[in-house]
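K.L.:
I'd like to go over a predicted model; first the sequence, then the structure.
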2 protein chains.
Amino acid sequence: MACPLCAEDGGALVWRGEHLRVIRAQDAGFPAFYRVVWNAHVAEFSDLSAAERAHCMEAVALVEQALREHLAPTKVNLAALGNVVPHLHWHVIARFGWDSHFPSPVWAPAQRPSPAAQEDAVRALLPALEAALQPRLAALPLP
Amino acid sequence: MACPLCAEDGGALVWRGEHLRVIRAQDAGFPAFYRVVWNAHVAEFSDLSAAERAHCMEAVALVEQALREHLAPTKVNLAALGNVVPHLHWHVIARFGWDSHFPSPVWAPAQRPSPAAQEDAVRALLPALEAALQPRLAALPLP
């Protein structure tokens, strides 16, 4: 079976580097849901070398910092699961007290309907967030 | 409100170092569910310095590697959520095709009952796993 993260970007491409890319998930039901996808097909975080792990997590931290600076979320959630698509990708999700699932994980049952006006207000901030994030990702030292 | 991860270990203590500890979650419903808990009270991964992040994630990778070597799980799941307890802790969970939720995340609704015999077989391997893990954690360079 073809790996979807080998075949396609996996979402709206924010930035692509030699080792990883950052995409915005468009299917996720959360307005500020990004993924850091390792370009090569590896399943587990510990399949990377220590230098590659550090590079990967510094990219995750840059995305997290951009979410914090631009959106002031209640919390940021980070996860690498891969049970369905075993190609290393980190979910980086801005969570808000008003979101449909908070404080539950995004994979748990919803607590309430999604508030469209608040989600739209977050979405309006994403172009500036992504424009600020791109040069920071480009400045990351390579492993 | 007192932070439970400042007040207590948060589970069965496997190893404690200067900056972080590893605990086995005893309440989780999954037989090989570990947590890497940062000892100081910080909420977000990006509250750490880059050197501290690397140290933290090398500890996560050591736990993951021990799970892979001793248990041969179908997948390892990593997550730092903290919506309920905003004190940085990484979930490191061995997932199996037969477990109650696979391939869903552990926070999603269960797919099937937990198979007690298979869970017991995993639990029987944990003392050796933890004995092998402790010296590796102790050998991690400090940030």
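P.N.:
Received it, and whenever you're ready, just let me know what you need.

K.L.:
is residue A:21 in a helix, a strand, or coil?
P.N.:
Recorded secondary structure, residue A:21: strand (DSSP: H, G, I helix; E, B strand; the rest coil).

K.L.:
that one and residue A:13 touch, don't they?
P.N.:
Yes: the criterion here is CB atoms under 8 Å, and residue A:21 meets it with residue A:13 at 6.4 Å. Glycine gets a C-beta too; all of them are placed from N, C-alpha and C.

K.L.:
okay, those two: which has more neighbours?
P.N.:
residue A:21 (22 against 13; other CB atoms under 10 Å in any protein chain shown).

K.L.:
beta partners for the nearest residue to the more buried one once chain neighbours are set aside?
P.N.:
Computed as CB to CB, 6 or more residues apart in numbering or on different chains, the closest residue to residue A:21 that is not its neighbour in sequence is residue A:37, at 5.2 Å. Bridge pairing for residue A:37 (DSSP bridges) gives the partners residue A:21, residue A:89.

K.L.:
now residue A:37: how far from chain B?
P.N.:
Taking CB to the nearest CB, to the nearest Å as the measure, residue A:37 falls 15 Å from chain B.

K.L.:
go ahead and confirm that residue touches residue A:17.
P.N.:
No: between residue A:37 and residue A:17 there is no contact under CB under 8 Å: 10.7 Å.

K.L.:
give me the more crowded residue out of the two.
P.N.:
Between residue A:37 and residue A:17, residue A:37 has the larger neighbour count (other CB under 10 Å), namely 23 against 14.

K.L.:
wait, what's in contact with that one?
P.N.:
Contact partners of residue A:37, counting by CB atoms under 8 Å, 6 or more residues apart in numbering or on different chains, are A:5, A:9, A:10, A:20, A:21, A:22, A:23, A:87, A:88, A:89, A:90.

K.L.:
next, format those as JSON lines and append pLDDT.
P.N.:
Below are the contacts of residue A:37 laid out as JSON lines (pLDDT from 0 to 100):
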{"residue": "A:5", "pLDDT": "97"}
{"residue": "A:9", "pLDDT": "97"}
{"residue": "A:10", "pLDDT": "96"}
{"residue": "A:20", "pLDDT": "98"}
{"residue": "A:21", "pLDDT": "98"}
{"residue": "A:22", "pLDDT": "98"}
{"residue": "A:23", "pLDDT": "98"}
{"residue": "A:87", "pLDDT": "98"}
{"residue": "A:88", "pLDDT": "98"}
{"residue": "A:89", "pLDDT": "98"}
{"residue": "A:90", "pLDDT": "98"}
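
K.L.:
scan those and report the most crowded one.
P.N.:
Counting by other CB under 10 Å, top hit in those: residue A:22 with 27 neighbours.

K.L.:
which strand or helix spans residue A:69?
P.N.:
helix A:50-71 (DSSP states H and E).

K.L.:
for my notes, confirm residue A:126 occurs in a helix.
P.N.:
Yes: assessed by three-state DSSP, residue A:126 belongs to a helix.

K.L.:
list the contacts for the residue nearest to residue A:50 when sequence neighbours are not counted?
P.N.:
Among residues not flanking residue A:50 along the chain, residue B:58 sits closest, at 6.4 Å (CB to CB, 6+ apart). Residues near residue B:58 by CB under 8 Å, 6+ apart: A:50, A:53, B:140.

K.L.:
filter those residues down to the buried ones.
P.N.:
Among the contacts of residue B:58, the ones that count as buried by 16 or more other CB atoms under 10 Å in any protein chain shown are A:53, B:140.

K.L.:
which one of the contacts of residue B:58 is nearest to residue B:100?
P.N.:
Using CB to CB, residue A:53 is the member of the contacts of residue B:58 that sits closest to residue B:100, with 29.6 Å.

K.L.:
quick check: the closest one touching residue B:61?
P.N.:
Yes: at 6.1 Å, residue A:53 and residue B:61 qualify as touching, with contact defined as CB under 8 Å.

K.L.:
which residues do the two both contact?
P.N.:
A:45, A:46.

K.L.:
so what's residue A:133 closest to, chain neighbours aside?
P.N.:
residue A:66 (4.4 Å).

K.L.:
which phi and psi does residue A:17 have?
P.N.:
phi -120, psi -170 (degrees, to the nearest 10).

K.L.:
separation between the closest residue to it other than its chain neighbours and residue A:90?
P.N.:
Nearest non-adjacent residue to residue A:17, counting by CB to CB, 6+ apart: residue A:137, 6.4 Å away. Using CB to CB, to the nearest Å, residue A:137 is found at 13 Å from residue A:90.
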